[in-house]
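>>> below are the sequence and a predicted model; questions follow.
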Amino acid sequence: MNIIDKRERRQKEPSPNVELRKIEKDDMKDIYRWFSDREFLKYYDYVPPIPLSEAEVDKIFDDYEKNEESDVFSVRLIENNQIIGIAGYDDIVKENKVATLFIGIGDKNIRGRGYGSEALSLLLEYGFNDLNFHRIQLNVLEFNHAAIALYEKAGFIKEGTYREFVLRDERRYDLYLYGILRSEWSKIL
């Protein structure tokens, strides 16, 4: 299912290059490759960037599929339906109307072309319009400068720092908490 078809369009044209779709079985070969790539994992999450087996990746995505606290999509190029990443929400607390956003462009040859920005825009629109979130938050590692620039450009505000939270290559790094409220997002449109 394509979330572009479900969402209301608010003063914006649809994304010209990417769409968010439910993950299909055929997508898993690419996702397995990304989750075995230390460089992808180094920036994707704050857990140690240890390559995962296919069984471990299957468990992660099965858990996403089964629980109501997650909504996960493939990021695809519209022109050829190629999967280039994953994105979605986890830690959804429906009663509070909040969720934690994540996005990862797995294909390193695709990074830096604005596809992450388009995917983020689609996710925010879906989260605020269709899922009726009041707040969307995310965590980002202090050395992930491209992601920080992307989030700040989209209107996220740095709300806190988990000091020296992450150990990478024998060095400690901060983990930043960013958030955006529906009222802040609606002013950006």
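Done, it's in. Numbering: from 1, shown residues only.
>>> do I have it right that Lys158 meets Leu177?
Yes: counting by C-beta atoms under 8 Å, Lys158 does reach Leu177; the two are 7.4 Å apart. Where you see a C-beta, it was placed from the backbone N, CA and C, and this is true even at glycine.
>>> what about the two, which has more around it?
Between Lys158 and Leu177, Leu177 has the larger neighbour count (other C-beta atoms under 10 Å), namely 16 against 13.
>>> phi first, then psi, for the residue in the chain sticking out farthest from the centre.
In terms of distance from the mean C-alpha position of the chain, Glu170 ranks first, at 26.6 Å (C-alpha atoms, centre = their mean). Note on Glu170: backbone dihedrals following degrees, to the nearest 10 are phi 70, psi 20.
>>> now do the longest helix along the chain: everything it contacts.
With secondary structure taken from DSSP state H, the chain has its longest helix at helix 54-66. Helix 54-66 has contacts (C-beta atoms under 8 Å, 6 or more residues apart in numbering) with 23, 28, 31-32, 35, 52, 70, 72, 88, 90.
>>> and stretch 30-46, C-alpha only, in CSV?
The C-alpha trace of stretch 30-46 is given here as CSV (Å, rounded to 0.1, in the frame of the first residue of the first chain):
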residue,chain,number,x,y,z
ASP,A,30,18.4,-5.2,0.1
ILE,A,31,17.5,-4.7,3.8
TYR,A,32,19.7,-7.7,4.7
ARG,A,33,22.6,-6.1,2.8
TRP,A,34,22.1,-2.8,4.6
PHE,A,35,21.9,-4.4,8.1
SER,A,36,25.1,-6.3,7.4
ASP,A,37,26.9,-3.1,6.4
ARG,A,38,28.8,-1.5,9.4
GLU,A,39,28.9,1.9,7.8
PHE,A,40,25.1,2.0,7.4
LEU,A,41,24.6,0.8,10.9
LYS,A,42,27.1,3.3,12.3
TYR,A,43,24.8,6.2,11.4
TYR,A,44,21.5,4.4,11.4
ASP,A,45,21.1,3.6,15.1
TYR,A,46,22.7,4.2,18.4
